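> Take a look and give me a structure for this.
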Amino acid sequence: MQEYDFIVAGGGSSGCVVASRLSENPQHRVLLIESGQRDTDKYIHIPATFFKVLEKGRDALFYASEPEAGLRGRPSIVPQGHVLGGGSSVNAMVYIRGSRQDYDTWAQLGCRNWSYDKVLPVFRDLESNQRLAGRYHGVGGELTVSDRAYGHPLSWAFIRAAQEVGIPYNEDFNGLRQEGVGFYQTTTSKGRRRSAAEAFLRKAEARPNLTIRTATRVNKVEFDGNRATGVVLNDGSTVKVKREVILTAGALATPKILQLSGIGPGAHLRKHGIDIIADLPGVGENYQDHLEATVQCEIKDPISIFGEDKGLRAVSHMLQYMLTRTGLLTSTVVESGGFADTAGTGEPDVQFHVLPTFNGFADRPAEPGHGISIGPCVLRPQSRGSVRLRSTNPADPALFVANSLAEQADVDTLTRGVELAIRITEAPSLARLVKRRVLPKPGLEADADALRDYVRSISKTVFHPSGTAKMGAADDPMAVVSENLQVRGVEGLRVADASIMPRLVSGNTNAPTMMIGERAARFILGKESAA
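Take a look at the predicted model:
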């Protein structure tokens, strides 16, 4: 029987950090389990080709919700990394932490040791910023954060046009203020993706006390009484643990593992004939995600990235990249964007992701030809969904109800975001390049009901699922984990991924998820206390 001191279930953004940190002590036998393969696909590591990884489907899983009334009967289709590095190996590499308000709100909700002033030093410790330093940025960490290596003309045009409608320029979205537009800093280094696997696992893999198992799924956690004693794998075998199991499988997989293990809403578990280890009604609840409603324009001249991955052009780009680490393939594609306050509250409520091409996804193919896509997303959604068991068969997909746009406030925010994006396309720096608006149809914005209907018909995820095993105070009946990320009612089990977010942060979730992994490791090792 195999036995380890720690088992880390999930080799994504957080799991790579946790496994690396715990294995720094040669006395700790650590097992990292990842359901996907190793990150060997060359397209993972070339920034501009991440979309090819998603197209292949081997290194990403596409979770489909039930048909969503708020999306006009469409499911919400949420890709998740299915490879070492998880989302950090398949995302657009945007480095955003969220705002001060996000973490101070966590503190106000009872997670006092997760305020902005508490988490900022952790972000700095992880970071090796290639331009910024000082109060808001670190330079000695493993995670390289760099400026754009390539700036597409359409990205520049968006930044100028947004300023022309009154949005300020911002050269650091993770600094004093979040509001503004500009180029995103990214998790890249010398023209290559800097995933969590690259940053934290590469150096750790040589350690004899760290074992990495890929193509292996954790079905459930085993218990002796209320203490975790190991995990059951998809082949039916059991791996024993001496100290702790740390779940880092993500906001869609982690609640499923918990429920299959007997931790979750008691009535739901009894319905499936599962013995209850801990009756925690919050497991699988509180699901949140960022949704965007795109604005797309055809441009006059063939200057977008459409067709650049075909034929001789593709060969030329690859040769330039291989020989010099320069050119279009160093682009993260989602180069520019920003944050805007559309409600006049003093805090941004919309984020823009801008692509110098037409953008398609899942149930909607991209428009043909040359275009630009501006995607406003609602930063602090009010809607809440759930992840429950469909059956006791671990191979069956979970019963996933995203509840997308269930709250009218989310529709209203997205509608304002679309209106602002339209204004940006009509500002001089973009207007001179635009031939016609494709989405939404010209004139639709004059009819408020039609525009809201457009938002519901077009909205899609920007891949930030969270909240399904939320952290909270002892008197919060829906809290699944305590401030030190221990699962309530049991021993030897923690959750350390985006599941624990009480509220979704205002921005991309990759950097915050790595921060959560780092704090989990510090709690386990006694280097930091959440008391």
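
> Quick one: end-to-end distance for stretch 203-223.
33 Å (C-alpha to C-alpha, to the nearest Å).

> quick one: it to chain centroid distance?
Centroid separation for stretch 203-223 versus its chain: 22 Å, with C-alpha atoms, centre = their mean, to the nearest Å.

> Run through the bridge partners of L247.
A9, V495 (DSSP bridges).

> what's it in contact with, if anything?
9-10, 221, 254, 257-258, 469, 493-497, 499 (C-beta atoms under 8 Å, 6 or more residues apart in numbering). Any C-beta I mention is one placed from the backbone N, CA and C, and that applies to glycine too.

> Show the average pLDDT along stretch 18-33.
In this model, stretch 18-33 has a mean pLDDT of 98.

> gap between it and the chain center?
On C-alpha atoms, centre = their mean, the centre of stretch 18-33 falls 24 Å from the chain's centre.

> With neighbour count and pLDDT as extra columns, can I get the contacts of L247 in CSV?
Shown next, in CSV, are those (neighbours: other C-beta atoms under 10 Å; pLDDT from 0 to 100):
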residue, neighbour count, pLDDT
A9, 27, 98
G10, 31, 98
V221, 26, 98
T254, 27, 98
I257, 25, 98
L258, 29, 98
A469, 32, 98
L493, 26, 98
R494, 24, 98
V495, 32, 98
A496, 28, 98
D497, 32, 98
S499, 34, 98
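
> which intervals of the stretch 401-531 of the chain have sub-threshold pLDDT?
Counting by pLDDT under 70, the ranges of the stretch 401-531 of the chain that qualify are 531.

> mind listing the helices in the stretch 151-300 of the chain by residue range?
153-164, 196, 254-260, 266-271 (DSSP state H, counting those that start in this stretch).

> so which of those comes closest to D125?
helix 196 (14.8 Å; C-beta to C-beta).

> V181 and D275: what is the separation?
From V181 across to D275, the span is 53 Å (C-beta to C-beta, to the nearest Å).

> do you know how far the residue nearest to E164 when sequence neighbours are not counted is from C377?
Residue nearest to E164 in three dimensions, not counting chain neighbours: A427, with 4.0 Å by C-beta to C-beta, 6 or more residues apart in numbering. A427 sits 20 Å away from C377, going by C-beta to C-beta.

> Show me which of the contacts of L247 is closest to S115.
The closest of the contacts of L247, once distances to S115 are taken by C-beta to C-beta, is A496, at 18.6 Å.

> Provide a list of residues in contact with that closest one.
S14, G15, V18, I246, L247, T248, L485, I516, G517, R519, A520.

> residues near the closest residue to it other than its chain neighbours, how many?
Residue nearest to A496 in three dimensions, not counting chain neighbours: A520, with 3.5 Å by C-beta to C-beta, 6+ apart. Applying other C-beta atoms under 10 Å, we find 30 residues neighbouring A520.

> Where does A520 sit, in terms of helix or strand?
A520 is part of helix 510-525 when elements are defined by DSSP states H and E.

> Packing partners of that helix?
helix 13-22, helix 116-126, strand 238-247, strand 493-495 (3 or more C-beta pairs under 8 Å, 6 or more residues apart in numbering; DSSP states H and E).

> Tell me the helices and strands packed up against the longest one.
So the one you mean is helix 116-126. Helix 116-126 packs on helix 100-108, helix 510-525, going by 3+ C-beta pairs under 8 Å, 6+ apart.

> State the mean pLDDT of it.
Mean pLDDT, helix 116-126: 98.

> Show residues contacting the helix or strand following that helix.
Downstream of helix 116-126, the first helix or strand assigned by DSSP H and E is strand 127-129. With C-beta under 8 Å, 6+ apart as the test, strand 127-129 has contacts from H137, G138, V139, G140, G141, E142, L143, T144, V145, S146, Q185.

> As JSON lines, the residues you listed with distance to V480, pLDDT and neighbour count would be great.
Listed next are the contacts of strand 127-129 as JSON lines, based on distance: C-beta to C-beta, whole Å; pLDDT from 0 to 100; neighbours: other C-beta atoms under 10 Å:
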{"residue": "H137", "distance to V480": "32", "pLDDT": "98", "neighbour count": "21"}
{"residue": "G138", "distance to V480": "30", "pLDDT": "98", "neighbour count": "20"}
{"residue": "V139", "distance to V480": "35", "pLDDT": "98", "neighbour count": "14"}
{"residue": "G140", "distance to V480": "34", "pLDDT": "97", "neighbour count": "11"}
{"residue": "G141", "distance to V480": "29", "pLDDT": "98", "neighbour count": "20"}
{"residue": "E142", "distance to V480": "29", "pLDDT": "98", "neighbour count": "19"}
{"residue": "L143", "distance to V480": "27", "pLDDT": "98", "neighbour count": "27"}
{"residue": "T144", "distance to V480": "33", "pLDDT": "98", "neighbour count": "20"}
{"residue": "V145", "distance to V480": "31", "pLDDT": "98", "neighbour count": "26"}
{"residue": "S146", "distance to V480": "36", "pLDDT": "98", "neighbour count": "19"}
{"residue": "Q185", "distance to V480": "32", "pLDDT": "98", "neighbour count": "25"}
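
> picking that back up, out of the helices of the stretch 151-300 of the chain, which is closest to A107?
Closest to A107 of those is helix 254-260 (C-beta to C-beta; 23.1 Å).

> Using PDB, list the CA coordinates for the closest one.
Taking C-alpha atoms only, helix 254-260 is exported to PDB below (Å, rounded to 0.1, in the frame of the first residue of the first chain):
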ATOM      1  CA  THR A 254     -13.600  19.800  -6.100                       C
ATOM      2  CA  PRO A 255     -17.200  20.000  -4.900                       C
ATOM      3  CA  LYS A 256     -17.900  16.700  -6.800                       C
ATOM      4  CA  ILE A 257     -15.000  15.000  -5.000                       C
ATOM      5  CA  LEU A 258     -16.200  16.300  -1.700                       C
ATOM      6  CA  GLN A 259     -19.700  15.100  -2.200                       C
ATOM      7  CA  LEU A 260     -18.600  11.700  -3.400                       C
END
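
> That one packs against which elements?
strand 218-224, strand 238-247, strand 386-388.

> Deepest-packed of the ones you listed, please.
Scoring those by mean neighbour count under mean count of other C-beta atoms under 10 Å gives strand 386-388 as the most buried, with a mean of 23.

> Show me what the lengthiest helix in the chain is in contact with.
Counting residues, the longest helix found in the chain (DSSP state H) is helix 408-426. Outside helix 408-426, the residues that touch it by C-beta under 8 Å, 6+ apart are 70, 158, 161-162, 165, 291-293, 295, 297, 340, 342-343, 349-350, 352, 372, 374-379, 381-383, 405, 430-431, 434, 437, 440, 445, 448, 451-452, 454-456, 459.

> Among those, name the ones in strands.
291-292, 295, 297, 340, 350, 352, 372, 374-378, 434, 437 (DSSP state E).

> Sort out which one of those residues lies nearest N226 for me.
L291 (38.1 Å).

> so that closest one bridges to which residues?
With DSSP bridges as the rule, L291 is bridged to T461.

> need the contact list for it.
S76, C377, V378, P381, S404, L405, D410, L414, S459, K460, T461, V462.

> wait, doesn't the last one sit right on C377?
Read it as V462. Yes: counting by C-beta atoms under 8 Å, a contact exists between V462 and C377, whose distance comes to 5.2 Å.

> Which one's more surrounded, the two?
The neighbour comparison of V462 against C377 (other C-beta under 10 Å) goes to C377, with 27 against 22.

> residues contacting the closest residue in space to F50 that isn't next to it in sequence?
Distances taken as C-beta to C-beta, 6+ apart place V90 nearest to F50, at 5.9 Å, with adjacent residues excluded. Residues near V90 by C-beta under 8 Å, 6+ apart: I44, F50, V53, L54, D59, A60, P79, G81, V83.

> In helices only, show me the residues you listed.
Per DSSP H, these map to helices at I44, F50, V53, L54.

> Give me the nearest residue to the first one, chain neighbours excluded.
The shortest distance from I44 to any residue other than its chain neighbours is 5.1 Å, reached at S89 (C-beta to C-beta, 6+ apart).

> shouldn't the one you found be in contact with A197?
Yes: in this structure S89 lies within contact range of A197 using C-beta under 8 Å: 6.2 Å.

> Common neighbours of these two, please.
Going by C-beta under 8 Å, 6+ apart, residues that sit against S89 and also against A197 are D39.
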